[in-house]
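Student: Can you look at this prediction? I've put the sequence above it.
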Amino acid sequence: MELTTVEYNLVFMLINLGYAVLSLFVSVIALVIIDKFIFKKIDFMEEIKKGNIAVAIFQSMILVFIGIVVSSALT
């Protein structure tokens, strides 16, 4: 049984979608671990409300990392 181009592309897209969902799940788990276990004494949202630029940059870089991982999974 031979796969046509459309079937091959569909299978490839489904594999990429599975990888994207898996990488998003791992990234969110990593974010939770960083927030709950590594920096347990720091309330990031409260620090951002106080105007702490370093915490805002740190949180945004984590979100950028998650975006890069997910976007690389989709290409």
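Tutor: Good, I have the coordinates.
Student: helix or strand right after whichever helix in the chain runs longest?
Tutor: Counting by DSSP state H, the longest helix found in the chain is helix 5-33. On the C-terminal side of helix 5-33, the closest following helix or strand by DSSP states H and E is helix 44-50.
Student: Can you tell me what sits against that next one?
Tutor: The contact list for helix 44-50 (C-beta atoms under 8 Å, 6 or more residues apart in numbering) reads 35, 55-56, 58-59. For glycine as for every other residue, the C-beta is placed from the backbone atoms N, C-alpha and C.
Student: that older thread, residues of the longest helix of the chain that come out buried?
Tutor: 20, 23, 27 (16 or more other C-beta atoms under 10 Å).
Student: Enumerate every residue touching the last one.
Tutor: Residue 27 is in contact with 65-66, 69-70, counting by C-beta under 8 Å, 6+ apart.
Student: And the buried ones among these, selectable in PyMOL?
Tutor: The PyMOL command for the buried members of those (criterion: 16+ other C-beta under 10 Å) is given here:
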select buried, resi 66
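Student: returning to that earlier point: looking at the contacts of helix 44-50, which is nearest residue 6?
Tutor: Taking C-beta to C-beta as the measure, residue 59 is the one of those closest to residue 6, at 42.1 Å.
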